[in-house]
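Enquirer: Fold the stuff below for me.
(2 chains)
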Amino acid sequence: MINQSVKLREDVFEPAESAATRDGFGAGVVEAGKADPRVVVLSADLAESTRAEWFQREFPERFIEVGVAEQNMAAVAAGMAAAGKIPFITSYAMFSPGRSWEQVRTTIALNDQPVIICGMHAGISVGPDGATHQALEDIALMRVLPNMIVISPCDAEEARKATIIAAKLGKPAYLRFGRAPTPKITTPETPFEIGKSLVMWRSNTPKVALLATGPLVHHALLAARELDESGLGTVVVNVPSIKPLDIDGVISVAKECGRVITIEEHQVAGGFGSAIAEVLIRHHPVPMRFVGVQDRFGQSGEPNELLSTYGIDVHTISAAAREIVVS
Amino acid sequence: MLTEAKTGEIESKAEAIRETIISMLVAAGSGHTAGPLGMADIFAALYFHELTHDPKNPDWEGRDRLILSNGHIVPVRYAAMAHAGYFPVEECLTLRKFGSRLQGHPERTRLPGLETTSGPLGTGLSQAAGIAYALRMDGKRNHVYCIMSDGEHDEGNTWEAFMFAGKYRLANLTAIVDRNNIQIDGMTEHVMPLEPLREKYEAFNWHVFEVDGHDIPQFIAACEEAKAIAEKPTVIIAHTIPGRGIREIEGDYRWHGKPPKPDEAKRFLEDLRSMSGRITGEHN
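Expert: Numbers count the residues shown, from 1 in each chain, chains lettered A, B, ... in the order given. Presented below is the predicted three-dimensional model:
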């Protein structure tokens, strides 16, 4: 059953509206800019598709175009933060932080400057652009960095909230956004807090916990309803805050269900599932399965056909749940 | 106005900085020798004349910003800061030791008075440009200096930063390039030719000065002129001799990345104290 206390949209299973999480960023960064004049946005020649343009239209004097130079963008932003600004740097996740990782590590993370790295077009659902543009490693790259906060919002509304909060953290942060429109599932009243996870669905006698991050949370909810109808109970947890992780929440749901499946649009090596496994192996080891990309590169295609081909859709989640309860 | 007396004072600070560098490198047992010695005159000129700063209040908002991009020459910065009063000179001997604020490569969060964390090359000018851009947005008049190596011009990021600062006409930014012609694998023009540097900077919309990096009045005159240029960023190519002040290592690229051994240090200090053999006295 949907957890009513988290105030999801009424139409969560038949969503009438969808939007890309990058759109939530675009709206959120304008709000952050209105709230705090220190907020600046840097763009590496992708202002339209990253939605940085929305900020540019409102605050042209606080928008800085750096050209196709992601390494320079990261370090310029570190300098601006050193001089009291709150910089959001925008590009595709594959290039920022993909190309600029060392600059991010030294000038932002080790240097502990509050730069917010906004990685758009993350995951395989970028689609037709193909493997070169499908960032499937960015969570791993960012969560290994001390001082770095890592957030992966599940829908446009959560992306908007994450963006607004990121401006107030005073810490380096990585925000991960997708290109494709995905169902809106949360409302302005749905809680969002750094370091907290959110139970969105709980069956009566759950045997499997489905821990998901990003827009795949919706797939997890669809799988949960399907599994519940066939008699297999689950708990669905939305985990937007990959670092810091809601350790108590993760342990608690693992104890409740005894089995955990992690779901992410990312390589299974080093990403969200690995972060969950690191917690559980230490505190409460349970059988686990990892739904994600299995050590492969993507290819061109439509988002849904890629998710299905690469084994990160409703069907794969349900199959993993059925398999883990019998093994 | 730079008087002869003031110049002499800065020169004697530079010599003190060189002696401290040798002592700290010997105590550390690792680190870079040639670059820090080659930049001692410029650091003395900056910390004892050119910079607006307050050693007792390192976070003072009115300070000029000195960004060190090539973090490996940080012993010269530590020595200059100590002699300027940021911390006791004796603390220099903790360089590279466990628990020291004086990390092998500089970390902003560990030592007040550092503006950035650096070591990996090619990012200092970007950060300096970001600081200059933000200060200008806020209508502040502080000047931003960025010390860079010539070797780090091999990095693509360096040129991205030159392009960025040129585009935005960051006139409050002055890059100071330590043109000592050496890098780890040999002479810069063999490893990866950089010339013609002046023309490259000009093509990137920078105003260029070229000075003898050991001629303190000449360097200070260039800094003063740089601050008067209002329409574009400025770069001072400072021709320096790596290992300057110790005749047996001057210009030798093999001294880029190693410290002197104790017996070598004794000879080096004697050479420094005799002003390269120009004076003899009780030290010899």
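
Enquirer: Spatially central residue for chain A, please.
Expert: When Cα atoms, centre = their mean is applied to chain A, the residue found nearest the centroid is A:S152 (1.6 Å).

Enquirer: OK, contacts around it?
Expert: By Cβ atoms under 8 Å, 6 or more residues apart in numbering or on different chains, the residues touching A:S152 are A:139, A:176, A:213-214, A:239-240, A:242, A:264, A:272. Backbone N, C-alpha and C define where each C-beta goes, glycine included.

Enquirer: Buried subset of those, written for ChimeraX?
Expert: In ChimeraX, a selection of the buried entries from those looks like this (16 or more other Cβ atoms under 10 Å in any protein chain shown):
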select /A:139,176,213,214,239,240,242,264,272
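
Enquirer: quick one, phi/psi of the residue nearest to the centre of chain A?
Expert: A:S152 adopts backbone torsions of phi -130, psi 90, taken as degrees, to the nearest 10.

Enquirer: where does chain A dip in pLDDT?
Expert: For chain A, no stretch is flagged by pLDDT under 70.

Enquirer: For chain B, give me its nearest residue in it.
Expert: Residue nearest to chain B within chain A (Cβ to the nearest Cβ): A:G79, separated by 2.4 Å.

Enquirer: Now that residue. Nearest residue, chain neighbours left out?
Expert: Closest residue to A:G79 apart from its sequence neighbours, by Cβ to Cβ, 6 or more residues apart in numbering or on different chains: B:G130 at 2.4 Å.

Enquirer: Next, the one you found: secondary structure please.
Expert: Recorded secondary structure, B:G130: helix (DSSP: H, G, I helix; E, B strand; the rest coil).

Enquirer: what about it, distance to B:T52?
Expert: Distance of B:G130 to B:T52, given as Cβ to Cβ, to the nearest Å: 20 Å.

Enquirer: So which of those two has more stuff around it?
Expert: B:G130 (38 against 11; other Cβ atoms under 10 Å in any protein chain shown).

Enquirer: Now do the strands in the chain.
Expert: Since you didn't name a chain, this refers to chain A. Secondary structure of chain A (DSSP state E): strands located at A:18-19, A:39-43, A:63-65, A:86-92, A:116-120, A:149-151, A:173-176, A:182-183, A:198-202, A:206-212, A:233-238, A:241-243, A:260-267, A:288-293.

Enquirer: meant chain B actually
Expert: Under DSSP E, chain B gives strands at B:65-68, B:144-149, B:173-179, B:182-183, B:186-187, B:207-212, B:234-239.

Enquirer: Just give the strands next to the fourth one in its sheet, each with its orientation.
Expert: Using DSSP bridges, the strands paired with strand B:182-183 in its sheet are strand B:186-187 (antiparallel).

Enquirer: gap between the strand it pairs with and the chain center?
Expert: 20 Å (Cα atoms, centre = their mean, to the nearest Å).

Enquirer: contacts for it?
Expert: Against strand B:186-187 from outside (Cβ under 8 Å, 6+ apart): B:181, B:253.

Enquirer: Rounded mean pLDDT for it, please.
Expert: For strand B:186-187, mean pLDDT is 93.

Enquirer: do the same with stretch B:262-270
Expert: pLDDT averaged over stretch B:262-270 gives 93.

Enquirer: Give me the contact list for it.
Expert: Under Cβ under 8 Å, 6+ apart, the answer for stretch B:262-270 is B:19, B:22-23, B:25-26, B:246, B:248-249, B:260, B:283-284.

Enquirer: Just give me the closest of these to A:S300.
Expert: Distance to A:S300 across these (Cβ to Cβ) is lowest for B:L25, with 55.6 Å.

Enquirer: The closest one touches B:G257, doesn't it?
Expert: No: here B:L25 does not reach B:G257: they are 11.1 Å apart, not a contact under Cβ atoms under 8 Å.

Enquirer: Of these two, which one has the most company?
Expert: Using other Cβ under 10 Å, the more surrounded residue of B:L25 and B:G257 is B:L25, with 24 against 15.

Enquirer: now that we're looking at the more buried one, how far away is chain A from it?
Expert: To chain A, B:L25 is 23 Å away according to Cβ to the nearest Cβ, to the nearest Å.

Enquirer: tell me the contacts of that residue?
Expert: B:31-33, B:36, B:75, B:95, B:259-260, B:265.
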